[in-house]
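*Asks:* Model the structure of this input:
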Amino acid sequence: MFRPMRRFKQGLSRGECDQVLREAPRGVLAVHGEDGYPYAFPMDFLYLDGKLYFHCAQEGHKLDALAADERACFCVMDQGFRREGEWALNIKSVVLFGRVRAVEDPRRAREVLRLLGLKYYPTTEGVDRELERDFHRVRMLELTVDHMTGKLVNES
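*Replies:* Down below sits the predicted model:
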């Protein structure tokens, strides 16, 4: 169903993919948009137990698109590094294909949202304050991975 990676010698191990997903601050989620156009947008995310979690509003374009087709693609890359004496960046990227569904259990949604907040907020108190104030406005989404590839690319 999924194509093999063409430049497989540059492939990352599952462990390397997991590391990129744990450490990257954000990525791009792409869904089937309206009128045949793809719809892609940057997202903060949490990688937990082999799944990705996102938060969004209770309604909007992305939820409409996912209601029509739950399949999605997510792409993330690290900050890259330069080898001594080289100008080009070496970047690790990960591409996931999967299905996105809402987290329906309110306890689980709150738990995952708190962990997502802890990834970004400077204090636990700040996360807890935001949760108290705004949790009722948030929809949590979970991407279950069907296929994942990672690659180390040299920009030269």
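*Asks:* centre of the chain versus stretch 69-80, how much separation?
*Replies:* Relative to its parent chain, stretch 69-80 has a centroid offset of 5 Å by C-alpha atoms, centre = their mean, to the nearest Å.
*Asks:* So which residues lie in contact with it, not counting its own?
*Replies:* The set of residues external to stretch 69-80 that reach it, using C-beta atoms under 8 Å, 6 or more residues apart in numbering, is 20-21, 23-24, 26-32, 43, 45, 52, 66, 89-101, 143, 155. C-betas here are computed from N, CA, C, even on glycine.
*Asks:* From those, which land in helices?
*Replies:* Counted as lying in helices by DSSP state H, out of these, are Val20, Leu21, Glu23, Leu66.
*Asks:* which ones are touching the second one?
*Replies:* This means Leu21. Applying C-beta under 8 Å, 6+ apart, the residues near Leu21 are Tyr47, Leu52, Val76, Val94.
*Asks:* any idea which of those residues is closest to Arg137?
*Replies:* The shortest approach to Arg137 among these belongs to Leu52, at 20.9 Å (C-beta to C-beta).
*Asks:* Mind listing the residues bridging to the closest one?
*Replies:* Going by DSSP bridges, Leu52 is paired in beta bridges with Tyr47, Leu143.
*Asks:* surely it meets Met140?
*Replies:* No: here Leu52 lies out of contact with Met140, judged by C-beta atoms under 8 Å, at a distance of 11.2 Å.
*Asks:* thinking again about what came up before, want to throw the contacts of Leu21 into TSV with neighbour count?
*Replies:* Shown next, in TSV, are the contacts of Leu21 (neighbours: other C-beta atoms under 10 Å):
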residue	neighbour count
Tyr47	24
Leu52	23
Val76	24
Val94	23
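*Asks:* Any chance of JSON lines for these, columns distance to Leu12 and pLDDT?
*Replies:* Conversion of those to JSON lines gives the following (distance: C-beta to C-beta, whole Å; pLDDT from 0 to 100):
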{"residue": "Tyr47", "distance to Leu12": "14", "pLDDT": "98"}
{"residue": "Leu52", "distance to Leu12": "17", "pLDDT": "98"}
{"residue": "Val76", "distance to Leu12": "12", "pLDDT": "98"}
{"residue": "Val94", "distance to Leu12": "7", "pLDDT": "98"}
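*Asks:* which strands and helices sit next to the helix or strand containing Arg129?
*Replies:* When elements are assigned from DSSP states H and E, Arg129 belongs to helix 124-134. Packing contacts for helix 124-134, counted by 3 or more C-beta pairs under 8 Å, 6 or more residues apart in numbering; DSSP states H and E, involve helix 106-120.
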